[in-house]
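J.: coordinates only, sequence not included:
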């Protein structure tokens, strides 16, 4: 193993240790203090989300400062608007950190098992993030969140993208968009080389420094006024979104590969 790769391995270990300690600190110290000092639930959630956003920004800067990765973010100002339904592909464990760190008033739909993980359950509960244990309650919680002006972040693949396989979304994002009449704000994510993919442990360090590239695309309006059944519309929209992301990702690869020095 080269010295550079070994150094990035140490930096990765330091970064994830800091992440774990931070999650435990929020759950064991900050969340109880917020419960004690802030009686209004929504205000408490907003304060916790701002803290998590700041921590995520710090985590990104830590990884970059330690030489673990670099990143490029195109059109991040589009995530500053209120009431967005943000849908992104999910090539790496850490891409959600980049999206939430740059999204104003971000709420998030997370896996139920994360709400039971000792490291992540404290921040998730403090921020009032939505868990996907019950699909019906998810839809209503998403509707209420968007009505409050929160931006809802969703990774509708349901799990991390398998390398070299096309993106295939589930219907959760399409159902929320159609049932709430909310336009979709797509975030296209590319991770080169791949890292922290499905079934890949954190200590598998890539041969070169990771580059995380994120591009916020233009909003996509949805046709929620159609006379077709919502379930059928959701299937069609889901397939269209999957195709759209795959096409845009191909363009992204092509354009990036044509640039000098890539």
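T.: It's in. Everything numeric here is computed off the predicted structure, so don't read it as measured data.

J.: Please count neighbours and contacts with C-alpha atoms only from this point.
T.: Will do.

J.: hang on, residue 50 packs against residue 105?
T.: Yes: Residue 50 is in contact with residue 105 according to Cα atoms under 8 Å; the separation is 7.4 Å.

J.: the more surrounded of the two?
T.: Taking neighbours as other Cα atoms under 10 Å, residue 50 and residue 105 compare with residue 105 leading, 24 against 16.

J.: For that one, give me its contacts.
T.: Applying Cα atoms under 8 Å, 6 or more residues apart in numbering to residue 105 gives the contacts 46, 49, 50, 82, 149, 150, 151.

J.: switch to 10 Å and redo it
T.: 45-47, 49-50, 53, 79-84, 149-152 (Cα atoms under 10 Å, 6 or more residues apart in numbering).

J.: what residue is smack in the middle of the protein?
T.: In the chain, the residue lying closest to the centroid (Cα atoms, centre = their mean) is residue 96, at 2.6 Å.

J.: just for this structure, where's the confidence low?
T.: 1, 224-227, 253-262 (pLDDT under 70).

J.: biggest helix in it by residues?
T.: Counting by DSSP state H, the longest helix found in the chain is helix 230-258.

J.: just checking, what packs against that one?
T.: Counting contacts by 3 or more Cα pairs under 10 Å, 6 or more residues apart in numbering; DSSP states H and E, helix 230-258 packs against helix 172-180, strand 184-192.

J.: Which of the contacts of residue 105 sits closest to residue 39?
T.: Closest approach to residue 39 among these (Cα to Cα): residue 45, at 10.7 Å.

J.: Looks like the closest one contacts residue 126 (just checking).
T.: Yes: between residue 45 and residue 126 there is a contact at 6.1 Å, judged by Cα atoms under 10 Å.

J.: Would you mind grabbing the residues shared as contacts by the two?
T.: Common neighbours of residue 45 and residue 126 (Cα under 10 Å, 6+ apart) are 31, 34, 35.

J.: close enough to count as contact, residue 14 and residue 67?
T.: No: in this structure, residue 14 is not within contact of residue 67 by Cα under 10 Å, at 11.5 Å.

J.: Give me the common contacts of those two.
T.: Residues touching both residue 14 and residue 67 (Cα under 10 Å, 6+ apart): residue 8.

J.: Run through the helices of the chain in chain order.
T.: 3-25, 31-37, 41-65, 95-101, 121-127, 135-147, 172-180, 230-258.

J.: okay, these, which one's buried deepest?
T.: Sort the helices of the chain by mean neighbour count, taking mean count of other Cα atoms under 10 Å, and helix 121-127 sits at the top with a mean of 23.

J.: Would you mind listing the outside residues contacting it?
T.: Identification of contacts with helix 121-127 by Cα under 10 Å, 6+ apart yields 22-32, 34-35, 41-52, 106-110, 112-117, 128-131.

J.: you'd agree residue 72 is up against residue 214?
T.: Yes: Residue 72 is within contact range of residue 214, at 6.3 Å (criterion: Cα under 10 Å).

J.: Of those two, give the one with the bigger neighbour count.
T.: residue 214 (21 against 12).

J.: The more buried one: what's it in contact with?
T.: Residues near residue 214 by Cα under 10 Å, 6+ apart: 71-76, 88, 95, 98-99, 187-191.

J.: mind running it again at 6 Å?
T.: With contact taken as Cα atoms under 6 Å, 6 or more residues apart in numbering, residue 214 is in contact with 73, 188, 189.

J.: I'd like the distance between the second one and residue 92.
T.: Just to be clear, that refers to residue 188. 12 Å (Cα to Cα, to the nearest Å).

J.: can you check residue 122 too?
T.: 22 Å.
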